[in-house]
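Q: Okay, predicted coordinates and the sequence, questions at the end:
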Amino acid sequence: MIDELLLTVLLTSVPLILAATGELVAEKSGVLNLGVEGMMLMGAVAAFGAALVSGSPYLGIISGGLAGIATAAVFALFTLGLATNQVATGLALTIFGTGLSGLIGAPLVGQAIEGLPEFHIAVLAQIPVLGAAFKLDIMAYGCILMVSLTAWFLASTRAGLILRSVGVNHDSAHALGYPVLVIRSLAVLFGGFMAGLGGAYLPLVLTPHWAEGMTAGRGWIALALVVFASWRPWRLVAGAILFGGVTIMQLAGQAKGWTIPPQFLSMLPYLATIFVLVFISSRGRNYFGAPAHLGRVFHPTR
Amino acid sequence: MLTMSLMKDIKLGGSIRLMPKPSSPAKEHLLVARHVTKSFGTFVANDDVNFTLGAGELHALLGENGAGKSTFVKMIYGLLQPDSGGFEWQGRPVHISNPQQARAMGIGMVFQHFSLFDSLTVAENIELALPETMNREQLRTLIRTRSDDYGIPLDPDSMVADLSVGQQQRVEIVRCLLQDPSLLIMDEPTSVLTPQETDQLFDVLRRLASSGCAVLFISHKLDEIKKLTSRATILRGGRNVAEVETAEKTTHQMAELMVGETVDAVKSGTGPVNGEVLFSVTALSREAHGPFDVPLEAISFAARSGEILGIAGIAGNGQDELMSALSGEWRGQQKGVIWVGQTDVSQLGPQHRRHHKICFIPEERNGHAAVPQMRLSENALLTGFQDDGMVKAGMVKQQAILSRAELISVTFDVRRPLADPHAAALSGGNLQKFVVGREIIKQPRVLIVAQPTWGVDVGAATFIRQTMIELAAAGSAVVVISQDLEEIFAISNRIAVLSAGRLSEPQPAAQMTSQAVGLLMGGVHLSDDIDSLRAEGG
Amino acid sequence: MIFLQPRTSVPLYVTLLVPVISVLATLIAGGLIFAVLGYAPLPALYEFFIAPLSRPDQFGNLLVKACPLIIIGTGLVFCYRANIWNIGAEGQLIAGAVGAGGLALSFPDTTSVFLLPGMAVCAILSGALWAAIPALCKVWFRTNEILVSLMLTYVAALLIDWIVRGPWRDPMSFGFPLTPYYPDAGLISALHLPFIGRLGQLHWGVPVALLIAVAGYFFLSRMLGGFQVKLMGDAPRAGTFAGFSPNRVTIGVLLASGGLAGLAGMIEVSANIGQLQPNISFGYGFTAIIVAFLARLNPLAVIVAGLVVALAELGGDTAQISMAIPKVVTGIFKGILLFFLLAGETLTRFQPVWVDQTGKFSKKGQKTI
């Protein structure tokens, strides 16, 4: 029972971690992309469609990631190329992605695909309770790999440092000769790729069907998660498991007849994010890794 | 090619090279500027400037605001290109087309307002400015040893936001030093430093020079220049007016060269007046809030009915801070600091101060004194909304603000493309006439104005000065904060000088010489010195 | 390289052309997407944008759809004019609906004519209260209002979900998450409009919405308060110099837009639903953002923009019925429209200029030369 629960927690947290990792990188470069939900939906419908047509869930993974990149490219074109307001453009992207995925997916409703198989890692999967963590699918393992790579990239590589510097102060980075808009575009595209993968996880693993708006607000939770984790990759994983745990607690609570209404538990991620935001802003934003130029439009000076 | 050898240098780095570089033989000219001219539109910023700098030399570039110092060094650093004339670097003519090239040649520059990344560490800030050559561990060790060698220890792991401004400047300096420059340009480096930090900086610069790196030190502070440098090039009005051995000249002589004699010629005949005190400030102090704020220290002065009090000083010596304290946009905690007549207005915001018939004109027209995106009538409303008939029950009376804007425009000769255009559609001079007229038309008892004629054409400037003289003649007190010495001398009855956040005792204009003002602007604060000067110059 | 250089003045025709061109470009882009996905583009566009207006009663429905968009959009115009980014109108709408619903459900048997005005007041207060959270966070801690207002939207959605399933659930609802019906005195739909009677779903909320937009225009263009709002957005330093408090403007615009969103929530429920349920809004709070942009932040234009966007919403319904195109497809139009509007915004404020690589570094307005 407990390892079943743990498994469910892990599975529900994977799409959150994937999408949030991508958004984290984009935000570290100074771009606030509120279109995560839209990119996830595009990833989900593309993954489902590809898996359905080809019969291979692995092609679904690739196609989900590519769809995410394509959607993010629209965002990059407008916010970076045309210097539009990031908040409004992000909202437009979510609205657009929801609509387009619905239209593409309309003929797919009611069909089912073969999901990704589980990979049991030899001995480890036999461990009681914790063994659940080793009975996952390839995307879940890949997700942890991506988090490790992202953490390493940001903290230990020069390219990661340059990316962070652009988010801290785009004028100084520009003065040093770094191509601010190119770096931000790449970060946004990576964000789209990861959001697409996060979306793909839903039909490929969680429910093998396509349904309109099937991400059900996970994109927004991913956004909240980035702030909650104060822009640190590993805290993202902890946060996602915590948020996932909250969801499971509701189910468990209902079964045991707890008096706390499940809606209040569901509010926790959002409330926690607000508290973290207030805490960060009251304590000076230089700490906690908040990119100081987040959401600011960059105009190259001459 | 140069980059390659530099990169090798950095790889080898780790110990300090105290010997002059073999590539730059001592006493050869490191940098020569020949007939360098640069203009922006019709304004000539640098006019036929000649200049030489030896290897390992500590050289000062001295001048007032607008003398052309920044333009000149920006050309050396490749941020600007000369219109005519050119540079020779280590004996060879060069065209420096961008800062990257300048850095590769061995020129480093520390700007007045540094470009650091607040929430990154010292090591990360430095790494970003260097070519990719070494791993982080090596870099951290190098930062430690290099900064220790120069007596400015830096912890590579501390976050820049946690450092004092002086320490942040060290990061900038070390960032340059790690590229083994032959020339380090420092733009007004002491303006943000405490006296102790200044001393430490001078030690570093001397040590640098002794190791063969030339330092070009831009400043207007005469004491510092005498203390640190051996030679000084003095720019005035874009021209190189003198090159002096600093040991051979007194600060007085240098002040005169910096400011010029011409200013005395336009001195007006206005003498001191003895009207009642309409506006007074007693011991106004203000701490610095941001890294580039200038703290104000116990500023006191009084302005009398019928006089124009001129506050001279070079930009960045506390003018903005003083103006916002006088207008009430910034308010301190103390009471009894700012008085209009017998009323203490220290705790009042701008709109409440205006009730006491005091008006303000901030320096920046666009976005502060006026709103470019709004119409003239709305700009008239900006400071006129409390006046009779402008706003009733929250409703803006269109007719009233239109006729107010019309009245200002007609009275003060504001040329407009339409009856009520957006402020952005006006030329700088016309908008300034409007902004000045907007306040003067209210017939204030006290008018406080910063840089009233900055960036306006001669005709408008004369007109604006005339209106201020007339306002004072009608019995008001006018305080003019200006960097334009000519203007200060032309219209003031008394003159005080703001330097590093402190204000000198106002003196009757007739008794002030350009030399005295130059000394005060250069940070010499001895009152007896002034007396001796007055005797000397008078 | 291409640089964007700020324009000093924007000609009026540009201001008018941008929304028109955006709408046309959206239609073309939408048609292309339909074509690519195998739907006949012209019939689809017809179903979306012309068919909904083929019957007179549909015109009433169009106004009804536009009603909450116009009310919320007007409030958002205040915020965006002041450079305050409230994107949580959806949550404020829900808060308002709950506040008004609380009053209506407390007096199930009343026939008082004061119930509706009372509900409106409750709705405005609840919506403003919900918006006060980001406002105070911003004023006290300088917390970014974008994320706080957004997060609160989800909190509000969960709150109403709990309310209608828990404390306020109608015991007679057979387990459905619904509150009891409001008393007739609390229903806007029970009030008939003079002369017109019932044209589709037309109700009193529509004239109220139009009135609000006109009043908003009047406030922004004619009143000192509106002047302060514009000043804060255009030149905050000039606002401080004039003596206005930026904090007061921040709180003011957020409370106003929250209150208006709350009112929209009350009208929506009282006129169209009659009871609280988990989903009382179809994303009006988000769609109103598009309306505010389409109107180029002018409250009078919000009326037109609200109608245009409402048409797409209504078209979603007809297209779903007649062509089996999912209703969410409306989002494609809304999203693309917003993209084009934002791009148009950039091109009106900035002029693209071509500068060669060696470009000069001259910077205007530099004092130290």
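A: Great, that's in hand.
Q: for the stretch 101-250 of chain A, which spans come out with low pLDDT?
A: A:129, A:247 (pLDDT under 70).
Q: Residue numbers of it in contact with chain C?
A: A:102-104, A:106, A:212-213, A:217, A:220, A:223-224, A:227 (CB under 8 Å from any CB of the partner chain). For glycine as for every other residue, the C-beta is placed from the backbone atoms N, C-alpha and C.
Q: does the closest residue to B:Ala33 other than its chain neighbours sit in a helix or strand, and which one?
A: Using CB to CB, 6 or more residues apart in numbering or on different chains and skipping residues adjacent in sequence, the residue nearest B:Ala33 is B:Phe51, 4.0 Å away. For B:Phe51, the element it lies in under DSSP states H and E is strand B:43-54.
Q: Packing partners of that strand?
A: Other elements packing on strand B:43-54 under the criterion 3 or more CB pairs under 8 Å, 6 or more residues apart in numbering or on different chains; DSSP states H and E are strand B:29-40, helix B:69-76, strand B:214-219, strand B:239-245.
Q: With distance to B:Pro82, mean pLDDT and mean neighbour count added, can I get the ones you listed in JSON lines?
A: JSON lines is the format used below for the helices and strands packed on strand B:43-54 (distance: least, CB to CB, whole Å; pLDDT from 0 to 100; neighbours: other CB atoms under 10 Å in any protein chain shown):
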{"stretch": "strand B:29-40", "distance to B:Pro82": "5", "mean pLDDT": "90", "mean neighbour count": "19"}
{"stretch": "helix B:69-76", "distance to B:Pro82": "5", "mean pLDDT": "89", "mean neighbour count": "24"}
{"stretch": "strand B:214-219", "distance to B:Pro82": "16", "mean pLDDT": "91", "mean neighbour count": "24"}
{"stretch": "strand B:239-245", "distance to B:Pro82": "14", "mean pLDDT": "88", "mean neighbour count": "16"}
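Q: Just tell me which of these ends up closest to A:Gly196.
A: Closest of those to A:Gly196 is helix B:69-76, at 46.1 Å (criterion: CB to CB).
Q: and the angle for the closest one with strand B:29-40?
A: Calculated by axes from the mean of the first three to the mean of the last three CA atoms, to 10 degrees, helix B:69-76 forms an angle of 120 degrees with strand B:29-40.
Q: What is the neighbour count of the residue of the stretch 101-250 of chain A found nearest chain C?
A: In the stretch 101-250 of chain A, the residue that lies nearest chain C is A:Gly102 (3.5 Å; CB to the nearest CB). A total of 24 residues lie near A:Gly102 under the criterion other CB atoms under 10 Å in any protein chain shown.
Q: which secondary structure elements does the helix or strand it falls within contact?
A: Per DSSP H and E, A:Gly102 falls inside helix A:86-105. Applying 3+ CB pairs under 8 Å, 6+ apart, we find helix A:86-105 packed against helix A:36-54, helix A:57-76, helix C:284-294, helix C:330-349.
Q: among these, which is the most enclosed?
A: Among these, helix A:36-54 has the highest mean neighbour count (mean count of other CB atoms under 10 Å in any protein chain shown), at a mean of 29.
Q: hmm, back to that, which of the helices and strands packed on helix A:86-105 sits closest to chain B?
A: Chain B lies closest, by CB to the nearest CB, to one member of the helices and strands packed on helix A:86-105: helix C:330-349, at 10.1 Å.
Q: Extract the CA atoms of that closest one and return them as CSV.
A: Extracted in CSV, the C-alpha atoms of helix C:330-349 (Å, rounded to 0.1, in the frame of the first residue of the first chain):
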residue,chain,number,x,y,z
THR,C,330,-11.7,29.8,-29.8
GLY,C,331,-8.4,29.9,-27.9
ILE,C,332,-6.5,29.7,-31.2
PHE,C,333,-8.1,33.0,-32.3
LYS,C,334,-7.7,34.6,-28.9
GLY,C,335,-4.0,33.6,-28.7
ILE,C,336,-3.1,34.7,-32.2
LEU,C,337,-5.0,37.9,-31.8
LEU,C,338,-3.0,38.7,-28.6
PHE,C,339,0.3,37.8,-30.3
PHE,C,340,-0.4,40.2,-33.2
LEU,C,341,-1.6,42.9,-30.9
LEU,C,342,1.5,42.7,-28.8
ALA,C,343,3.7,42.8,-31.8
GLY,C,344,1.7,45.7,-33.2
GLU,C,345,2.2,47.4,-29.8
THR,C,346,6.0,47.1,-30.2
LEU,C,347,5.9,48.4,-33.7
THR,C,348,3.9,51.4,-32.8
ARG,C,349,6.1,52.3,-29.8
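Q: Verify the stated contact: C:Val116 with C:Asp184.
A: Residue C:116: Leu, not Val. No: with contact defined as CB atoms under 8 Å, C:Leu116 does not reach C:Asp184; the gap is 10.4 Å.
Q: Lowest-scoring secondary structure element of chain C by mean pLDDT?
A: strand C:2-6 (a mean of 67; mean pLDDT, DSSP states H and E).
Q: Can you name the element that comes right after it?
A: Criterion used, DSSP H and E; the element after strand C:2-6 is helix C:12-36.
Q: does that next one come close to chain B?
A: No: if you take CB under 8 Å from any CB as the test, helix C:12-36 misses chain B, and the best it gets is 11.7 Å.
Q: Around chain B, which positions in the stretch 51-200 of chain A sit nearby?
A: A:156, A:158, A:161-162, A:164-165, A:168-169, A:171-173, A:175-178.
Q: In helices, which of these appear?
A: With helices taken from DSSP state H, the overlap with these comprises A:156, A:158, A:161-162, A:164-165, A:168, A:171-173, A:175.
Q: Need the max-distance pair from those residues.
A: Counting by CB to CB, the most remote pair of those is A:Ser156 and A:Asp171, 25.5 Å apart.
Q: Tell me which of the two has more neighbours.
A: Set side by side, A:Ser156 and A:Asp171 show more neighbours around A:Asp171, with 15 against 11, by other CB under 10 Å.
Q: Surely that one touches B:Phe114?
A: No: between A:Asp171 and B:Phe114 there is no contact under CB under 8 Å: 11.8 Å.
Q: Show the residue spans covered by the helices in the stretch 1-150 of chain C.
A: Counting by DSSP state H, counting those that start in this stretch, the stretch 1-150 of chain C has helices at residues C:12-36, C:41-49, C:56-81, C:89-106, C:115-141, C:145-165.
Q: Name the nearest residue to the most centrally placed residue in chain C, ignoring sequence neighbours.
A: Among the residues of chain C, the one closest to the centroid is C:Ala288, at 2.1 Å (CA atoms, centre = their mean). Excluding the flanking residues, the one nearest C:Ala288 by CB to CB, 6+ apart is C:Ile72, at 3.7 Å.
Q: just for chain B, where's the confidence low?
A: In chain B (pLDDT under 70), the answer is B:1-27, B:192, B:261-272, B:290-292, B:525-538.
Q: By proximity to chain C, which residue of it wins?
A: Residue nearest to chain C within chain B (CB to the nearest CB): B:Gln351, separated by 2.7 Å.
Q: which non-adjacent residue is nearest that residue?
A: Spatial nearest neighbour of B:Gln351, excluding adjacent residues (CB to CB, 6+ apart): C:Gly243 at 2.7 Å.
Q: follow-up on the earlier one: give me whichever of the helices of the stretch 1-150 of chain C is most buried.
A: It is helix C:89-106: most buried of the helices of the stretch 1-150 of chain C by mean count of other CB under 10 Å, with a mean of 28.
Q: Parallel or antiparallel, which strands does the helix or strand harbouring B:Ile299 pair with?
A: Counting by DSSP H and E, the element that carries B:Ile299 is strand B:296-304. If you go by DSSP bridges, strand B:296-304 pairs up with strand B:277-286 (antiparallel).
Q: buried sites along the strand it pairs with?
A: By 16 or more other CB atoms under 10 Å in any protein chain shown, the buried positions in strand B:277-286 come out as B:278-281, B:284, B:286.
Q: contacts for that strand?
A: The contact list for strand B:277-286, computed with CB atoms under 8 Å, 6 or more residues apart in numbering or on different chains, reads B:295-305, B:321-322, B:325-326, B:330, B:332, B:336-341, B:358, B:445-446, B:448, B:476-477, B:479.
Q: May I have that strand as PDB, with CA atoms only?
A: As requested, the backbone C-alpha atoms of strand B:277-286 are provided in PDB (Å, rounded to 0.1, in the frame of the first residue of the first chain):
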ATOM      1  CA  VAL B 277      15.100  85.300   4.600                       C
ATOM      2  CA  LEU B 278      12.500  83.400   2.600                       C
ATOM      3  CA  PHE B 279      14.000  80.000   2.500                       C
ATOM      4  CA  SER B 280      16.500  78.300   4.700                       C
ATOM      5  CA  VAL B 281      18.100  75.000   5.200                       C
ATOM      6  CA  THR B 282      19.700  74.000   8.500                       C
ATOM      7  CA  ALA B 283      22.000  71.000   8.800                       C
ATOM      8  CA  LEU B 284      20.300  68.900   6.100                       C
ATOM      9  CA  SER B 285      21.900  65.400   6.100                       C
ATOM     10  CA  ARG B 286      21.000  62.400   4.000                       C
END
